[in-house]
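Chemist: how does the following fold in three dimensions:
(one chain, ligands or ions: 3)
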Amino acid sequence: MTGAAQTQGSQSIKYATVTWDQLHRDARLLATELMRQYRPFRGLVAITRGGLIPAAILGRELGCRLIETVSVVSYEGEEGTQQAPKLLKAAEAAGDGEGFLIVDDLVDSGVTARYVREMLPKAVFACLYAKPDGRPYTDHYVTEVAQDTWVLFPWDMAPQFVPPLSRGSVV
Ligand SMILES: O=P(O)(O)OC[C@H]1O[C@H](OP(=O)(O)OP(=O)(O)O)[C@H](O)[C@@H]1O
Ligand SMILES: Nc1nc2[nH]cnc2c(=O)[nH]1
Ligand SMILES: [Mg+2]
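Modeler: Ligands and ions are numbered 1, 2, ... in the order given. Sure, this is the predicted structure:
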């Protein structure tokens with residue numbers, strides 16, 4: 001994970017960028033830990049969309065071909081900042097979650113994880129990255145990220161031209 005700061009107006013935003021290679025390595029590290037701790041899972045539940053690619057990698061490593069999805073949208077509540085999750089698709093094949101592993105890319109506030117866990121109380125929850133507020137809602141994660149940092153996943157980015165320093169650009 002690589003750190004960077006970007007200024008937008010008067011605000012400085014901190015980013016942690018994750019490359020495809022790093023994401024793949026982290027997903028394999030997570031798989032190693034899960035293999036050590038659990039009997040084979042009956043299936044995985046990917047939280048769309050961010051959990052889909054981590055779930056594909058974990059499914060391959062753990063030898064698990066049943067991958068169910070749950071689709072949740074979190075949006076701003078009318079009174080301002082409170083997020084209210086809305087279910088677009090339930091994980092019907094997972095029952096109460098027994099024998100299933102819920103997979104997401106990260107936990108931030110923990111709102112999404114808490115909501116999905118309430119639907120699948122017997123499932124194990126794992127993600128790649130965890131911010132402090134979300135950490136209590138995941139059983140496993142690989143790397144902690146500061147709460148004020150936005151994780152940029154490989155699917156959020158594209159390589160682009162950067163002018164050389166000699167042209168006076170600021171890095
Ligand atoms: O802990 P929280 O504050 O709930 O945030 C974490 C969730 O936010 C992101 O998903 P998002 O809702 O942006 O949708 P996406 O996966 O489709 O990109 C991320 O993939 C997690 O699912
Ligand atoms: N890409 C991305 N999505 C998020 N959703 C909630 N927090 C984050 C984050 O840090 N990065
Ligand atoms: Mg998501």
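Chemist: roughly how far is stretch 21-37 from the heart of the chain?
Modeler: 13 Å (CA atoms, centre = their mean, to the nearest Å).
Chemist: same question, stretch 1-16
Modeler: Per CA atoms, centre = their mean, the displacement of stretch 1-16 from the mean C-alpha position of its chain is 20 Å.
Chemist: list the contacts for the closest residue to ligand 1 within the chain?
Modeler: Residue of the chain nearest ligand 1, by CB to the nearest ligand atom: residue 50 (2.7 Å). For the C-beta atoms, the positions are set from N, CA and C on the backbone; glycine is no exception. Applying CB atoms under 8 Å, 6 or more residues apart in numbering, we find residue 50 in contact with 104, 105, 106, 153.
Chemist: next: residue 14.
Modeler: 3, 4, 5, 146, 148, 149, 150.
Chemist: can you pull up the bridge partners for it?
Modeler: Beta-bridge partners recorded for residue 14 (DSSP bridges): residue 5, residue 149.
Chemist: shaky segments in this structure?
Modeler: Along the chain, the model assigns pLDDT under 70 to residues 8-10, 76-82, 169-171.
Chemist: how about the spatially most central residue of it, what does it touch?
Modeler: Centroid-nearest residue in the chain: residue 105, 1.5 Å away (criterion: CA atoms, centre = their mean). Under the criterion of CB under 8 Å, 6+ apart, the neighbours of residue 105 are 50, 51, 53, 54, 127, 128, 129, 151, 153.
Chemist: right, and the helix or strand after the helix or strand where the fourth one lies?
Modeler: Using DSSP states H and E, residue 54 falls within helix 52-62. On the C-terminal side of helix 52-62, the closest following helix or strand by DSSP H and E is strand 67-76.
Chemist: quick revisit: CA atoms only for the helix holding residue 54, dumped as PDB, please.
Modeler: Coordinates of each C-alpha in helix 52-62 appear next as PDB, following Å, rounded to 0.1, in the frame of the first residue of the first chain:
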ATOM      1  CA  LEU A  52     -16.300  -9.700  -5.700                       C
ATOM      2  CA  ILE A  53     -12.600  -9.800  -6.700                       C
ATOM      3  CA  PRO A  54     -11.300 -10.600  -3.200                       C
ATOM      4  CA  ALA A  55     -14.000 -13.400  -3.100                       C
ATOM      5  CA  ALA A  56     -12.800 -14.800  -6.500                       C
ATOM      6  CA  ILE A  57      -9.200 -15.000  -5.200                       C
ATOM      7  CA  LEU A  58     -10.200 -16.500  -1.900                       C
ATOM      8  CA  GLY A  59     -12.500 -19.000  -3.600                       C
ATOM      9  CA  ARG A  60      -9.600 -20.200  -5.800                       C
ATOM     10  CA  GLU A  61      -7.200 -20.500  -2.800                       C
ATOM     11  CA  LEU A  62      -9.700 -22.100  -0.400                       C
END
